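1. what follows is a predicted protein model with its sequence.
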Amino acid sequence: MPDSEPLGPLGAGDPTAPQWMPPEIDRTVATPARIYSYLLGGKEHFAVDRAAVEQAAEALPVRDFARVNRAFLTRAVRHLAEAALDQFLDIGVGLPAPGSTAETALSVRHDARIVGVDNDPIVLAHARAHGGEGATVVAGDVRRPGEILQNPEVRARLDFDRPVAVLIVAVMHFVPDEDDPYGAVRALMDAVAPGSVLVLSQVTSDLDPDGIHATAKAYARSSVRTAVRSREQIAAFFDGLEPIDPGPVMLSRWRPDEQVRDGDDRIGMYGGVAVKP
């Protein structure tokens, strides 16, 4: 859609709306899923999402943040699939883009089972219209882990008596402390079998607090709040788990490959992969 598109809720008769998009989708408020789609070169975003990105980009290289985060996700999923893990619960799955959990896992294991969870109506509508590209996509919110764990589609697709990879990648910086982010992660990991794995990444203010603060103000136009944490606070999500080397680190330092670029170690996001004993 052109940048000059009029803002306002998409109506049923709006000729710019794809046929699969329900009329209740609101394009007056930016959302993380659509912002991330734009950052990764996807197609499902509106002018308000692009405006939020461009404002944020004045303070931080947000496109590099998205690229580095997606590369971390891809490396982590590939590592786990190659290690014979075949079940993935991707919370905050977002809109389709290269290097997704489903694309990566299925490229290694054709029998992989993937469930994507998201609270953005456009993600759910896209999945209903086009399929989940190898994943079952359900409605859910990391702040309400019980609803995810009790969802019959999740239970039908994943065997919780066997190890599951729980992916919470670039999500927790949208969960403020008052929503009990550590309790949510703990509830998810308590529910999965020993040998299950947590993959988590989050933005930090350790490297550039001023830039992060300015970016948070830009993202305040979106449908969520932001919560930036230190390395110690992010590492605490992995408490009680056994880290896979090298542990919680800057994303570009977690088992880097040829896709890592010079300067990626200055992108302020920590992440890691850890196993439930």
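-> Arrived safely. Residues are numbered from 1 along each chain as shown.

2. the nearest residue to Arg143 once chain neighbours are set aside: how many residues sit nearby?
-> Among residues not flanking Arg143 along the chain, Asp179 sits closest, at 4.8 Å (CB to CB, 6 or more residues apart in numbering). Yep, even glycine has a C-beta here, placed from its N, CA and C like the rest. Using other CB atoms under 10 Å, Asp179 is surrounded by 16 other residues.

3. in this structure Asp179 contacts Arg144, no?
-> No: using CB atoms under 8 Å, Asp179 is not in contact with Arg144; the gap is 9.5 Å.

4. distance between the ends of stretch 201-209?
-> Terminal residues of stretch 201-209 lie 18 Å apart, using CA to CA, to the nearest Å.

5. also stretch 104-119?
-> Start-to-end span of stretch 104-119 (CA to CA) is 23 Å.

6. what does stretch 115-122 give?
-> End-to-end distance for stretch 115-122, by CA to CA: 17 Å.

7. and what of stretch 188-207?
-> Stretch 188-207 has an end-to-end distance of 30 Å (CA to CA).

8. residues touching Gly240, list them.
-> If you count contacts by CB atoms under 8 Å, 6 or more residues apart in numbering, Gly240 has them with 186, 189, 276.

9. number of nearby residues for the first one?
-> Residue crowding around Arg186 was assessed by other CB under 10 Å; the count is 15.

10. ok, of the contacts of Gly240, which one's closest to Thr28?
-> The closest of the contacts of Gly240 to Thr28 turns out to be Arg186 (CB to CB; 35.8 Å).

11. what packs against the one helix or strand the closest one maps to?
-> Secondary structure assignment for Arg186, by DSSP states H and E: helix 181-191. Judged by 3 or more CB pairs under 8 Å, 6 or more residues apart in numbering; DSSP states H and E, helix 181-191 is in contact with helix 145-150, strand 165-169, strand 197-203.

12. what mean pLDDT does the first one have?
-> When the per-residue pLDDT values of helix 145-150 are averaged, the result is 98.

13. ok, now the longest one?
-> The average of the pLDDT scores along strand 197-203 is 97.

14. got phi/psi on Leu39?
-> Per-residue torsions, Leu39: phi -60, psi -30 (degrees, to the nearest 10).

15. just the element for the spatially closest residue to it that is not a sequence neighbour, please.
-> Closest residue to Leu39 apart from its sequence neighbours, by CB to CB, 6+ apart: Ala66 at 3.6 Å. Ala66 is part of helix 62-82, with elements assigned from DSSP H and E.

16. so what does that helix touch, helix or strand wise?
-> With contacts defined as 3+ CB pairs under 8 Å, 6+ apart, the secondary structure elements packing on helix 62-82 are helix 32-39, helix 47-57, helix 101-108, strand 165-169, strand 197-203, strand 269-275.

17. of these, which is nearest His79?
-> strand 269-275 (7.3 Å).

18. now the angle from the closest one to helix 181-191?
-> For strand 269-275 against helix 181-191, the angle by axes from the mean of the first three to the mean of the last three CA atoms, to 10 degrees is 20 degrees.

19. now the angle from strand 269-275 to strand 165-169?
-> Between strand 269-275 and strand 165-169, the angle comes out at 170 degrees (the same axes, to 10 degrees).

20. so what's the residue count around the nearest residue to Ala191 once chain neighbours are set aside?
-> Among residues not flanking Ala191 along the chain, Leu149 sits closest, at 5.0 Å (CB to CB, 6+ apart). Leu149 sits with 18 neighbouring residues when counted by other CB under 10 Å.

21. residues contacting Leu149?
-> So Leu149 contacts 187-188, 191 (CB under 8 Å, 6+ apart).

22. same question, Thr74
-> Counting by CB under 8 Å, 6+ apart, Thr74 has contacts 99, 104.

23. read off the pLDDT value for it.
-> We note a pLDDT of 98 for Thr74 in this prediction.

24. then the one 5 residues further on?
-> Per-residue confidence (pLDDT) for His79: 98.
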